[in-house]
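[1] Predicted model and sequence follow; I will ask about them next.
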Amino acid sequence: MTAPAGGLPVQKLPTGIPSFDVIAKGGLPKHRTTLLSGTAGSGKTVFAMQFLSAGIRDAGDAGVFVTFEESAADIRTNMRSFGWDLERWERERKLAFVDASPDPDVDVIQSGSFDLGALLARVQHAVRKVGAARVSVDSLGAMFSQFSDQAVVRRELFRIASALKEMGVTAVLTAERSEDYGAVARFGVEEFIADNVMILRNVLEDESRRRTIEILKFRGTDHQKGEVPLTIVPAGGMVVIPLSAIQLRQRSSDVRISSGNRDLDAMCGGGFFRDSVILVSGATGTGKTLTVTQFLQGGAESGERCLLLAFEESREQLFRNASGWGIDFEAMERDGKLRVVCDYPEVTGLEDWLLAIQGIVQEFKPTRVAIDSLSALERVGTVKAFREFVIGITSFLKHQEITGLFTSTTGSLMGGSSITETHISTLTDSIILLRYVEMYGRMKRGITVLKMRGSMHDKDIREFTIDGAGMHLGRAFRHVTGILAGAPVHLTPGDIERVWSEVQSDGERERRAADEG
Amino acid sequence: MSGSELQGGPLPHYKLMLYVTGNTPNAAAAIANLERICEQELRGRYDLEIIDVLEHPQLAEDEKILATPTLIKRVPPPLRRVIGDLSDTRKVLLGLELPPAAMAPGAEGVHP
């Protein structure tokens, strides 16, 4: 293999690290060297090894791991927990180590000038031996501490980096940083050794750890900017959680599915869209969990598999609620149409929740997923992390053509909006509001479809009641205004006529304009 | 007369390996310096093997050699490694565990 000639666009090598290739817009620049800098514990070695293991497993690319710090034996042991059987790959000649870790038992005496020709020869030999397409070097900083002559180390690292390029391999070189926000790397020269620079961070933010990766520079090619969250999971390693990118590839479905309530379907112009995400917002007791229950029942009835992620109520309570509305969750579960996952949102961080949910979805393969409530998850992380979670889960569900129904609890009983809404309303396709309405001294419930992306929908605020058979939609509130603001004002028949005639004349004008146009 | 000879017993035999990279000036200097020191201090009781890591990278891998030139003394124990062009004779003698007093007067190392 040879390095690409000048003038050719830089090719990308898909790494196979989940979602990393999305933020890297295709992968790491091929036949180039990329510096991965990070503080202690930021996951450099994991990335460096995962780059190789994903190549071996998914792309048939052999790899060479050059270790300057930990011994090869330690790495074999440490990486086993991620499910990477390095020894097997070494036997199968898919992976080779160049163990350049210091030997504490041997004193090295220096007498005169030297170079690292042997190291370079070993790297080249290992690359040839397994036919490697990928090389990881971990870490450059350890090389500086092994030899006292920094100028020699610097010169030799440059030589090794350019030799890697000549060999046509794609390489990841790791380097240490002393702080998460500061100089790119400790010795100040590492960033000049490689073509590209990426940074891993592990920052303590509001008492929780936040891991991110940032692509600082890809010479001559495009990438996403800014920090992108990631997590490291025991069975698989690093998973990057991209935000906007995957939304671009989503298909938009015209297929309608039932909300589980015929009246609500009618309000939505014929049901929800197959791959849409719907937010149901309301104060406590307005009927959010009922809307969810109906949605699941509607799915089970048409033979779909449904997943409920419940973060507020216990399993027993959810099943009791459902049977109170004439819906048999137990039977649905027995038939394999329903899975209910109840947990405290606090048990893990939002990044891990996202992965856990993705895992359950990939295993159970539902076509409907309900989260009751999203507001409960809001407590777990920062506002930023929450928004990233919602973006992540929304794009994941849409990608799989799964209908998502999330609930959000508003703080005030009358009207109002929740933090959840503020942050995610633009991300969802449809918004349904459930509100308490005070009517002549009595509490009534109102429902309205605030937004229905890509479809006509009923703009009325309609009264609804709840009984042993579920939700029943009634007439629109005609004599009252200000419901959504939480301050209903009852209008006299005169007001109503005036407003109505204005609405009609608006319509008339639009029609005329359309005719003339 | 070296100190160990006065204590009696046979003088130990040395097995030395010198790892170099091709025909670099460092390699040439290291070979010249080492041969001179061995002839002066270890005449008739050493084996020297010169290994070019470009020709035998697997040997370099097995021995975990990073720098070239690297001199390895395994026999007699303990294991010692000296890196560099071996121009600092005092350091080489230290690595070979030969007393510095044995150094011939006027012995100057060759620099590349």
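    In hand now; what should we look at? Numbers count the residues shown, from 1 in each chain, chains lettered A, B, ... in the order given.
[2] hang on, isn't A:Asp265 packed against A:Gly271?
    Yes: with contact defined as CB atoms under 8 Å, A:Asp265 counts as touching A:Gly271 (4.4 Å). C-beta: built from backbone N, CA, C; applies to glycine.
[3] what is in contact with the two at once?
    Here A:Asp265 and A:Gly271 have A:Arg256, A:Ser258, A:Ser259 as joint contacts, going by CB atoms under 8 Å, 6 or more residues apart in numbering or on different chains.
[4] looking at those, which has the most residues close by?
    Neighbours here mean other CB atoms under 10 Å in any protein chain shown. Within the shared contacts of A:Asp265 and A:Gly271, the largest count is held by A:Ser259, at 27 neighbours.
[5] residues in contact with that residue?
    For A:Ser259, the contact set (CB under 8 Å, 6+ apart) comprises A:Asp265, A:Cys268, A:Gly271, A:Phe272, A:Thr291, A:Gln294, A:Phe295, A:Gly298.
[6] next one: phi and psi at the spatially closest residue to A:Ser276 that is not a sequence neighbour?
    Computed as CB to CB, 6 or more residues apart in numbering or on different chains, the closest residue to A:Ser276 that is not its neighbour in sequence is A:Asp429, at 3.9 Å. Here is the backbone geometry of A:Asp429 (degrees, to the nearest 10): phi -80, psi -30.
[7] what do you get for A:Ala183?
    With angles defined as degrees, to the nearest 10, A:Ala183 shows backbone torsions of phi -60, psi 150.
[8] Same check on A:Leu173?
    On the backbone of A:Leu173 - angles per degrees, to the nearest 10 - the values are phi -110, psi 130.
[9] right, and it touches A:Ala194 too?
    Yes: counting by CB under 8 Å, A:Leu173 touches A:Ala194, with 5.4 Å between them.
[10] what residues do those two have in common as contacts?
    Here A:Leu173 and A:Ala194 share the contacting residues A:Thr33, A:Thr34, A:Leu35, A:Ala161, scored by CB under 8 Å, 6+ apart.
[11] Among the residues you listed, which are located in helices?
    The members of these that map onto helices under DSSP state H are A:Ala161.
[12] What is the nearest of the shared contacts of A:Leu173 and A:Ala194 to chain B?
    Closest approach between the shared contacts of A:Leu173 and A:Ala194 and chain B, by CB to the nearest CB: A:Ala161, at 16.0 Å.
[13] Count the neighbours of that closest one for me.
    Counted with other CB under 10 Å, the neighbours of A:Ala161 add up to 21.
[14] In the sheet, which strands lie alongside the host helix or strand of A:Leu433, parallel or antiparallel?
    Assigning secondary structure by DSSP states H and E places A:Leu433 in strand A:430-439. Strand A:430-439 has the following strand partners under DSSP bridges: strand A:277-282 (parallel), strand A:442-452 (antiparallel).
[15] Quick one: residues in contact with the first one.
    Outside strand A:277-282, the residues that touch it by CB under 8 Å, 6+ apart are A:272, A:288, A:291-292, A:374, A:394, A:397-398, A:403-410, A:417-418, A:420-421, A:424-425, A:427-435.
[16] Mind checking which of the residues you listed land in strands?
    A:272, A:403-409, A:430-435 (DSSP state E).
[17] Could you single out the nearest of the residues you listed to chain B?
    Each of the ones in strands among the contacts of strand A:277-282 was checked against chain B using CB to the nearest CB; the closest is A:Gly404, at 53.4 Å.
[18] need the contact list for the closest residue to A:Leu374 other than its chain neighbours.
    The spatially closest residue to A:Leu374, leaving aside those adjacent along the chain, is A:Phe406, at 4.5 Å (CB to CB, 6+ apart). Under the criterion of CB under 8 Å, 6+ apart, the contact list for A:Phe406 reads A:Val277, A:Ile278, A:Leu279, A:Val280, A:Ala370, A:Ile371, A:Asp372, A:Ser373, A:Leu374, A:Val390, A:Ile424, A:Thr428.
[19] Can you convert those residues into a markdown table and add a column each for distance to A:Asn202?
    Below are the contacts of A:Phe406 laid out as a markdown table (distance: CB to CB, whole Å):
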| residue | distance to A:Asn202 |
| --- | --- |
| A:Val277 | 31 |
| A:Ile278 | 36 |
| A:Leu279 | 32 |
| A:Val280 | 36 |
| A:Ala370 | 33 |
| A:Ile371 | 28 |
| A:Asp372 | 32 |
| A:Ser373 | 30 |
| A:Leu374 | 27 |
| A:Val390 | 23 |
| A:Ile424 | 27 |
| A:Thr428 | 31 |
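[20] Can I get those in a markdown table including neighbour count, pLDDT and distance to B:Arg90?
    Shown next, in a markdown table, are the contacts of A:Phe406 (neighbours: other CB atoms under 10 Å in any protein chain shown; pLDDT from 0 to 100; distance: CB to CB, whole Å):
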| residue | neighbour count | pLDDT | distance to B:Arg90 |
| --- | --- | --- | --- |
| A:Val277 | 25 | 90 | 76 |
| A:Ile278 | 25 | 92 | 81 |
| A:Leu279 | 27 | 91 | 79 |
| A:Val280 | 28 | 92 | 83 |
| A:Ala370 | 26 | 96 | 79 |
| A:Ile371 | 27 | 94 | 74 |
| A:Asp372 | 26 | 92 | 79 |
| A:Ser373 | 27 | 87 | 77 |
| A:Leu374 | 27 | 88 | 74 |
| A:Val390 | 24 | 87 | 69 |
| A:Ile424 | 25 | 69 | 73 |
| A:Thr428 | 24 | 81 | 77 |
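[21] Could you single out the nearest of these to chain B?
    Nearest to chain B among those is A:Val390, at 49.8 Å by CB to the nearest CB.
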